[in-house]
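In: sequence first, then the predicted structure, then my questions.
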Amino acid sequence: MSTVAAVSLYLQLETFVKKMGTSSAFVCLRFTPEVLTMTKFFLRFAIAVTMFSLGLGVTNLVRFFRVAPAPAVENQERQVDVVSVGSEEEKLLEIYREYGPAQTKHDRAFFERVESDRFILFDGDRNLTREQDIREMESWPKDVVFECEVESIRVMGDTAIVVSVMRERSTNGEVESFRSTDVCVKDGSSWQILSTTAVD
């Protein structure tokens, strides 16, 4: 039974009751427990049918207007790596391309240029200034070849974090690797290494 039919039935019953209200016989019958029970039943039935139909209508309406959820968007934030770089990352990469050959040649001028005068090397329990670091480099054997590989670069305004691996190749073919994290700062249009922390 539809909502309209249920409500129509209820209104017809109510009109009929009002019209027969002057009949004493009907009045007596109307107030018997059985008639009262039937009246309550019809009222409850009409209300139940109305609510059921209303619920179906709302459900269909929601289904009709429901918009499919938008597909998940992948996180757009990314760490700059050596594959996709901007102009600042390229400037930093250029420093680290020269880093290995400069260390192989004990190139003091290179390190005085790319390392800040406030540079500190954190190597275990040792903290070396730029001058101390350069002097230690100059004491190494000159037949050792160094290669520097950048793993990642993250630029944040005028500061950058560079993670790299330095490979030390001796004449007997042995290779040792050292990972480090550098903090770089931008001075004008150029970058300098402020600190190097040996990771392992």
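Out: Noted; the coordinates are in hand.

In: going forward, measure contacts and count neighbours with C-alpha atoms only.
Out: Fine.

In: ramachandran angles for Glu131?
Out: The phi/psi pair for Glu131 (degrees, to the nearest 10) reads phi -60, psi -40.

In: can you get me a residue count around it?
Out: Glu131: 15 surrounding residues under other C-alpha atoms under 10 Å.

In: before we move on, what about Asp200?
Out: If we define neighbours as other C-alpha under 10 Å, then Asp200 has 10 of them.

In: pretty sure it contacts Thr181?
Out: No - counting by C-alpha atoms under 8 Å, Asp200 does not reach Thr181; the two are 10.3 Å apart.

In: where does the protein dip in pLDDT?
Out: Counting by pLDDT under 70, the chain contains low-confidence ranges at 1-85.

In: please, where are all the strands along it?
Out: Under the criterion DSSP state E, the chain contains strands at 115-123, 126-129, 145-156, 159-169, 175-187, 190-198.

In: quick check: angle from the longest one to strand 190-198?
Out: Orientation check (axes from the mean of the first three to the mean of the last three C-alpha atoms, to 10 degrees): strand 175-187 against strand 190-198 gives 140 degrees.

In: the chain should start at 214 in everything you say after this.
Out: With 214 as the first residue, the last one maps to strand 388-400.

In: so for strand 388-400, what gets flagged as buried?
Out: 392-399 (16 or more other C-alpha atoms under 10 Å).

In: adjacent strands (with direction) for that strand?
Out: strand 372-382 (antiparallel), strand 403-411 (antiparallel) (DSSP bridges).

In: count of neighbours near Glu349?
Out: Count around Glu349 with other C-alpha under 10 Å applied: 12.

In: mutual contacts of Asp413 and Thr394, please.
Out: Shared contacts of Asp413 and Thr394, defined by C-alpha atoms under 8 Å, 6 or more residues apart in numbering, are absent.

In: do you know which of the strands paired with strand 388-400 lies nearest Arg331?
Out: Across the strands paired with strand 388-400, Arg331 has its closest neighbour in strand 403-411 (6.5 Å, C-alpha to C-alpha).

In: any idea of the angle that closest one forms with strand 328-336?
Out: Using the same axes, to 10 degrees, strand 403-411 lies at 10 degrees relative to strand 328-336.

In: may I see the buried residues of strand 403-411?
Out: In strand 403-411, counting by 16+ other C-alpha under 10 Å, buried: 404-411.

In: sorry, back to before: looking at the strands of the chain, which is closest to Lys318?
Out: Judging those by C-alpha to C-alpha, what sits closest to Lys318 is strand 358-369, at 8.6 Å.

In: you'd agree Thr394 is up against Ile374?
Out: Yes - using C-alpha under 8 Å, Thr394 is in contact with Ile374, at 6.9 Å.

In: what is in contact with those two at once?
Out: With C-alpha under 8 Å, 6+ apart as the test, Thr394 and Ile374 reach no residue in common.

In: the chain - how does it break down into domains?
Out: Per automatic domain parsing, the structural domains of the chain span 216-278, 300-411.

In: measure the longest one end to end?
Out: Pointing back at domain 300-411 there. End-to-end distance for domain 300-411: 27 Å, by C-alpha to C-alpha, to the nearest Å.

In: thinking again about what came up before, got the strands of the chain as a markdown table, with distance to Gly299 columns?
Out: Shown next, in a markdown table, are the strands of the chain (distance: least, C-alpha to C-alpha, whole Å):
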| stretch | distance to Gly299 |
| --- | --- |
| strand 328-336 | 22 |
| strand 339-342 | 31 |
| strand 358-369 | 10 |
| strand 372-382 | 13 |
| strand 388-400 | 15 |
| strand 403-411 | 14 |
